[in-house]
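K.L.:
Sequence first, predicted coordinates after that:
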Amino acid sequence: MKKFLNSVDTVLTESLDGFVAAHSDILELGDEHKFIRRKVLKPGKVALISGGGSGHEPLHGGLVGHGMLDAACPGQVFTSPTPDQMMAAAEAVSTGAGCLFIVKNYEGDVMNFDMAAEMSEGVMQIVTNDDVAVENSSYTTGRRGVAGTLVVEKIVGAAAEQGMALKELKALGDRVNGATRSMGVALTSCTVPAAGKPTFDIGDGEMEFGVGIHGEPGRRRDTLKSADAIAEEICLAILGDLGDRAKGPALLFVNGFGGTPLMELYLMYNSARTIFEKHGVTVTRSLVGSYVTSLDMAGCSITLTMLDDETTALWDAPVHTAALRWGM
């Protein structure tokens with residue numbers, strides 16, 4: 001294992017210290033590294049809080065700021081944060097309008113956010129489950145929440161910034177989640193620092209089709225195919241799952257898993273866009289880059305979110321975070 005480390009025991013806290021120091025104009029670090037929060041809160045606004053295991057950066061800490069999250073709770077690598085982290089974050093960023101938890105559908109995340117919500121007042125939750133690859137996996141009952149979580153956080157975050165109330169924000173988030181589908185493919189494994197070796201073995205000429213963002217098994221192990229062939233299978237799975245809804249304007253998000261160059265991500269975007277538009281989807285908004293990663297895994301995911309006038313405007317609304325910045 002070759003990584004920039006001082007100790008596997010301090011990699012998370014040292015990384016959080018560096019991250020918040022680098023973005024000290026917009027972020028603050030909570031006590032005991034329990035959460036990352038917006039430096040300046042907006043009074044009367046519903047507070048948006050998310051989180052999950054580390055190793056997916058810039059999700060979620062990189063999405064804290066104007067127009068997105070008010071706080072994010074980082075767990076250890078691929079390990080859910082604890083309920084006391086969410087409760088501390090909610091207390092720190094709540095301004096009286098309630099809190100909305102945005103939770104990826106992994107059993108540990110759902111259980112711990114549920115516990116925090118039960119022990120708090122004025123909290124509602126959105127659970128994202130955009131992955132079409134498998135119905136159940138190593139970490140979930142039901143579909144996994146993956147890169148589509150970023151889309152939910154951006155659109156709901158913009159609405160919260162504009163003053164939308166808690167109940168309406170939850171309904172909006174559930175609607176965006178329902179209009180979003182994702183699927184990924186891995187070319188290599190990832191290596192968790194504490195383990196010191198790859199999470200799974202994969203041959204030079206193989207790919208893991210439908211992989212999860214923790215390296216969970218996907219639909220199947222297969223021989224490596226062309227980018228067009230990989231994109232076609234992913235896109236057709238997404239279109240098939242959306243059914244009749246897969247017509248009209250959409251956001252196409254091609255996400256890298258941490259070890260794939262932008263050159264290859266844009267190549268995959270080109271393939272995916274061509275396929276979707278042949279099937280009646282009009283790509284009106286795009287995002288390409290490594291935003292929901294799996295440490296150093298080579299691979300990518302493709303996410304499609306069907307848009308309407310409201311969600312398009314909310315996607316376009318100003319945002320100022322470490323990872324996403326436009327319109328400010």
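P.N.:
Perfect, thanks for sending it. Small disclaimer: the values here were computed from a predicted structure and weren't measured. Residues are numbered from 1 along each chain as shown.

K.L.:
Show me the helices in the chain, by range?
P.N.:
11-22, 83-93, 107-118, 148-161, 166-178, 227-242, 262-278, 309-316 (DSSP state H).

K.L.:
Show the average pLDDT along the third one.
P.N.:
The predicted model gives helix 107-118 an average pLDDT of 96.

K.L.:
helices and strands around that helix, which ones?
P.N.:
In this structure, helix 107-118 makes packing contacts with strand 47-54, helix 83-93, strand 99-104, strand 123-128, judged by 3 or more C-beta pairs under 8 Å, 6 or more residues apart in numbering; DSSP states H and E. From N, CA and C alone the C-beta is placed, and that goes for glycine too.

K.L.:
need the contact list for V110.
P.N.:
V110 is in contact with V103, V127, counting by C-beta atoms under 8 Å, 6 or more residues apart in numbering.

K.L.:
if you set the cut-off to 6 Å instead, what comes out?
P.N.:
If you count contacts by C-beta atoms under 6 Å, 6 or more residues apart in numbering, V110 has them with V103.

K.L.:
Apart from its neighbours in sequence, what residue is nearest L307?
P.N.:
Nearest residue to L307, sequence neighbours excluded (C-beta to C-beta, 6 or more residues apart in numbering): P249, at 4.6 Å.

K.L.:
my guess is that neighbour meets S286, correct?
P.N.:
No - in this structure, P249 is not within contact of S286 by C-beta atoms under 6 Å, at 11.8 Å.

K.L.:
Between those two, which is the more surrounded one?
P.N.:
With neighbours defined as other C-beta atoms under 10 Å, P249 and S286 compare such that P249 has more, 16 against 12.

K.L.:
Can you tell me how far that one is from V283?
P.N.:
Counting by C-beta to C-beta, to the nearest Å, the gap from P249 to V283 is 8 Å.

K.L.:
Same check on N255?
P.N.:
15 Å.

K.L.:
Of those two, which one has the most company?
P.N.:
More crowded of N255 and V283, by other C-beta under 10 Å: N255, with 28 against 17.

K.L.:
quick one, phi psi at the nearest residue to the more buried one once chain neighbours are set aside?
P.N.:
Sequence neighbours aside, A147 is the residue nearest to N255 in space, at 4.3 Å (criterion: C-beta to C-beta, 6+ apart). When read as degrees, to the nearest 10, the backbone of A147 gives phi -60, psi -20.

K.L.:
In terms of pLDDT, where does A147 sit?
P.N.:
pLDDT at A147 comes out at 98.

K.L.:
ok, back up a step: figure out which of the helices and strands packed on helix 107-118 is closest to V8.
P.N.:
Checking the helices and strands packed on helix 107-118 against V8 by C-beta to C-beta gives strand 47-54 as the closest, at 12.3 Å.

K.L.:
So which elements touch the closest one?
P.N.:
Counting contacts by 3 or more C-beta pairs under 6 Å, 6 or more residues apart in numbering; DSSP states H and E, strand 47-54 is packed against strand 71-77, strand 99-104.

K.L.:
List the buried residues of the last one.
P.N.:
This points to strand 99-104. C99, L100, F101, I102, V103, K104 (16 or more other C-beta atoms under 10 Å).

K.L.:
In TSV: these, plus pLDDT.
P.N.:
Below are the buried residues of strand 99-104 laid out as TSV (pLDDT from 0 to 100):
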residue	pLDDT
C99	98
L100	98
F101	98
I102	98
V103	98
K104	97
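
K.L.:
Relative to A72, which of these is nearest.
P.N.:
Closest to A72, out of all of those and judged by C-beta to C-beta, is I102, at 9.6 Å.

K.L.:
thinking again about what came up before, with distance to E153 as new columns, can the helices and strands packed on strand 47-54 be given to me in a markdown table?
P.N.:
Below are the helices and strands packed on strand 47-54 laid out as a markdown table (distance: least, C-beta to C-beta, whole Å):
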| stretch | distance to E153 |
| --- | --- |
| strand 71-77 | 9 |
| strand 99-104 | 6 |
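
K.L.:
quick one, which of those strands is nearest to P83?
P.N.:
Closest approach to P83 among those is made by strand 71-77 (9.6 Å; C-beta to C-beta).

K.L.:
now the angle between helix 83-93 and the closest one, please.
P.N.:
For strand 71-77 against helix 83-93, the angle by axes from the mean of the first three to the mean of the last three C-alpha atoms, to 10 degrees is 160 degrees.
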